[in-house]
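# can you look at this prediction? I've put the sequence above it.
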Amino acid sequence: MIRAESFIAAAEKHGFTLYSGVPCSYLTPFINHTISSPRLRYVPAANEGDAVAIAAGASLGGRRAVAMFQNSGLGNAVNPLTSLTHSFRIPVLLIITWRGEPGGAPDEPQHELMGSITPRLLELMQIPWETFPTEEAQIASALERAVAHMAREYRPYAFVMQKGSVVDTKLEATTPAHDLPLVGQRSRPLAHHRRQPMLAAIRAACTPGDLLIATTGYTGRELLALGDAPNQFYMVGSMGCAVSLALGFAIAQKNRRVIAIDGDGGALMRLGALTTVAHERPDNLDHVLIDNGQHESTGGQATVSTGVDFCALAAASGYPDVAIAADPEALTRALSARSPGPRFIYVPVIPGVVASLPRPSMTPAEVAARLRAHLGT
């Protein structure tokens, strides 16, 4: 196990001063150290492909850069890694965490397949890789191999990080809030409640015939803690896809209301989904976006939501009904009122997770099978 600052300091000597990425619990020490360092720049990316593109742009501009993310998001980075950095010969250093490593530490079910194919996927993309150094004495030589390849081939090189490779690092400084004036006529309401009371309000406004789609992370687990039900679908992985999944449900199940419980990080990752939902105009879809300003389940790293007016985005995308609910009672009222959909409801919350949060005892496949049985499909 090494210290994050040891690797980052050694990388800085080779000119790596810009880092862009999407949070993973394995990467928390790296993200915290780069945020805290006055000599480094950390750019939070909305998705893994954007992290690669940001790093590639910095590299083209003369600043060596690192893109870092978990392997579950490697699929999002395949396009820029094969058609941008490869085609244009742009060297980028990649740090990719190895979630679901075969024979490694037990992990969540959504990491199983990607864990088994991560090395082969990199090899198919012609990206040389090695495991991230786990001893201080290995850092210099590992970086020298990476830099030599990048200088020779002008293409990426990857370090694949196993669990426990890096000692935890506390965040000594926070990212700037960038609290910009919001466009349009809406203003950001103050948050006074945590996520779980809002989830309880959603359940209170539901009927047994409604379908609830909870985004990945703590949202699904907190919904489960309030009470399990066959009409509740707890997403794992597939970050940013909750509302698109809900759209498919809404089209297939026109006689049922579908409630997509989204998060700020997931929504930011795939903002284009708003335009698709609005274009399709399913009148049985409610899109509830709960914004705590964080990637809370991976360590609490800030998202860029403080400068975003999600209501204005939804309205501009074409949602016919846009509302704000800053307390549980307002959220219950908003969901109980009937109006043509799709409806977008923005819910600001303060960070915080209930203690002893349970995990689903069912596998993801069992959750899906139970929902199919509930729907009779």
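Arrived safely. None of the values given here were measured: they were computed from a predicted structure.

# alpha carbons only for contacts and neighbour counts from here, please
OK.

# okay, and the closest residue to Val277 other than its chain neighbours sits in which element?
For Val277, ignoring the flanking residues on the chain, the nearest one in space by C-alpha to C-alpha, 6 or more residues apart in numbering is Leu247 at 6.5 Å. Per DSSP states H and E, Leu247 falls inside helix 242-252.

# on that earlier part again, would you agree the residue nearest to Val277 is in contact with Asn284?
No: shown here, Leu247 and Asn284 do not form a contact pair, counting by C-alpha atoms under 8 Å, at 9.3 Å.

# all helices for the stretch 201-350 of the chain, in order.
218-226, 242-252, 264-269, 272-280, 310-317, 328-336 (DSSP state H, counting those that start in this stretch).

# what is the burial count for Leu124?
11 (other C-alpha atoms under 10 Å).

# Ala67 too?
Residues near Ala67, counting by other C-alpha under 10 Å: 29.

# which other helices and strands contact the host helix or strand of it?
If you go by DSSP H and E, Ala67 is part of strand 64-70. For strand 64-70, the packing partners by 3 or more C-alpha pairs under 8 Å, 6 or more residues apart in numbering; DSSP states H and E come out as strand 16-21, helix 48-60, strand 93-97.

# and the average pLDDT for the second one is what?
Put plainly, it is helix 48-60. Mean per-residue pLDDT for helix 48-60: 92.

# for that helix, the distance to its chain's centre please.
Centroid separation for helix 48-60 versus its chain: 17 Å, with C-alpha atoms, centre = their mean, to the nearest Å.

# how long is stretch 11-19 from one end to the other?
Start-to-end span of stretch 11-19 (C-alpha to C-alpha, to the nearest Å) is 11 Å.

# to clarify, my last question referred to stretch 125-143.
End-to-end distance (C-alpha to C-alpha), stretch 125-143: 21 Å.

# what of stretch 66-79?
So stretch 66-79: terminal residues 17 Å apart, C-alpha to C-alpha.

# and the contacts of that stretch?
Outside stretch 66-79, the residues that touch it by C-alpha atoms under 8 Å, 6 or more residues apart in numbering are 16, 18-24, 27, 47-52, 55, 92-99, 110-111, 114-115, 118, 237.

# let's see that with 6 Å instead.
19-22, 24, 48-49, 51-52, 55, 93-98 (C-alpha atoms under 6 Å, 6 or more residues apart in numbering).

# before we move on, the earlier item: most tightly packed of the helices and strands packed on strand 64-70?
With neighbours taken as mean count of other C-alpha atoms under 10 Å, those reach their highest mean count in strand 93-97, at a mean of 26.

# what lines up beside that one in the sheet?
Sheet pairing of strand 93-97 (DSSP bridges) gives strand 64-70 (parallel), strand 157-161 (parallel).

# cool, thanks, talk later.
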